[in-house]
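Novice: Structure here, sequence nowhere to be found:
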Ligand code: SF4
Ligand code: SF4
Ligand code: SF4
Ligand code: SF4
């Protein structure tokens, strides 16, 4: 017989305190559900449902939910929410609570972080393939192959004298977004942005500080040609963490736009990149289920059109 779940409204304040979120403002509009990239890929991560359960005080149930580990930390649910509820903060605090209660052991959490590292390394490889318009099928075997494939980034030392003549123009373009200053030039390379970035696991693959430094050095060709700029989740954490008010997420968005405008990337790339990430996130959720011993979802082998 199914167990009856009883609301525990007395726990609502506790949950709000954990995540510093205003869950009681949610009016279940579903904007967060439509915006979540993992939900778009799998239909299995509903920030709205998590917020609703939090409003019912179902803390014990929430910390045992598989969904809280599917989250990429991209912050889109919080950005789109008309009531500033911040579901992403709530989910992150539930992950922390699950660790504190040892529902998830440190060993499993370490494996989870390794899986996240694999995810972003594979995203780099897939972005690279999409840039070259290569076809592939993303299945379990391919995941491992893509993870193990070498990441070929330029290793040679940069000659400042050899930087292109149009570097000043490029630097000026990165220094503003739609007329608003991005403050790129006042970065003093403290690394604060990298420490909060949910994609930063390996400097060669993605590091906001490295990208900002390359922009400031006007390394136009290297940066606009790189798969790395497409890995940014636009979560804005780098911008919020920067004491110099450098707006990292806008700089990377501007670099992406420049790559398209200047032909470093073909016009079909954004469509290919979106499709391939949908396939990848479905695999990621499957791997999380397997790691945490949740019920395995049967996900069809999905050809990713590129
Ligand atoms: S977008 Fe905000 S108000 Fe709408 S369902 Fe999500 S959390 Fe609730
Ligand atoms: S932060 Fe998590 S729940 Fe929110 S949109 Fe991103 S992946 Fe979905
Ligand atoms: S946090 Fe700001 S100042 Fe520090 S490296 Fe990042 S962009 Fe530069
Ligand atoms: S917006 Fe900033 S913190 Fe977020 S993924 Fe992009 S570089 Fe990282």
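Specialist: Arrived safely, thanks for sending. Because the structure is predicted, anything quoted here is derived from the model rather than measured. Ligands and ions are numbered 1, 2, ... in the order given.
Novice: Identify the residue spatially nearest to residue 218, adjacent ones excluded.
Specialist: Leaving aside its sequence neighbours, residue 218 sits nearest to residue 167 (CB to CB, 6 or more residues apart in numbering; 3.2 Å). Every C-beta, even on glycine, is put in place using the N, C-alpha and C of the backbone.
Novice: no wait, residue 192
Specialist: Sequence neighbours aside, residue 241 is the residue nearest to residue 192 in space, at 4.9 Å (criterion: CB to CB, 6+ apart).
Novice: And residue 28, its phi and psi?
Specialist: phi 50, psi 40 (degrees, to the nearest 10).
Novice: what's around it, how many residues?
Specialist: 12 (other CB atoms under 10 Å).
Novice: can you check the one 4 residues further on too?
Specialist: Neighbouring residues of residue 32 were enumerated by other CB under 10 Å; the total is 28.
Novice: need the contact list for it.
Specialist: Neighbour list for residue 32: 47-48, 51, 76-78, 80-81, 85, 87 [criterion: CB atoms under 8 Å, 6 or more residues apart in numbering].
Novice: rerun at 10 Å
Specialist: Residues near residue 32 by CB atoms under 10 Å, 6 or more residues apart in numbering: 26, 39, 45-51, 76-82, 85-88.
Novice: any idea how far it lies from ligand 1?
Specialist: 3 Å (CB to the nearest ligand atom, to the nearest Å).
Novice: Ok, residue 291 next?
Specialist: 27 Å.
Novice: How about residue 241?
Specialist: 23 Å.
Novice: Likewise for residue 47?
Specialist: According to CB to the nearest ligand atom, residue 47 and ligand 1 sit 6 Å apart.
Novice: just checking, that residue touches residue 31?
Specialist: Yes: using CB atoms under 10 Å, residue 47 is in contact with residue 31, at 9.3 Å.
Novice: Quick check, pLDDT for residue 303.
Specialist: For residue 303, the model assigns a pLDDT of 44.
Novice: typo on my end, residue 140
Specialist: Looking at residue 140, its pLDDT stands at 64.
Novice: and the contacts of residue 32 near ligand 2, which?
Specialist: 45, 47, 76-77, 87-88 (CB under 6 Å from any ligand atom).
Novice: how about the residue nearest to residue 218, what does it touch?
Specialist: 160, 217-220.
Novice: In those, which has the lowest confidence score?
Specialist: For pLDDT, the smallest value among these belongs to residue 160: 57.
Novice: Spell out the residue ranges of the strands in the stretch 101-250 of the chain.
Specialist: 136-138, 176-177, 180-181 (DSSP state E, counting those that start in this stretch).
Novice: Mean neighbour count and distance to ligand 1 added to these, as CSV?
Specialist: Shown next, in CSV, are the strands of the stretch 101-250 of the chain (neighbours: other CB atoms under 10 Å; distance: least, CB to the nearest ligand atom, whole Å):
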stretch, mean neighbour count, distance to ligand 1
strand 136-138, 16, 29
strand 176-177, 17, 25
strand 180-181, 12, 25
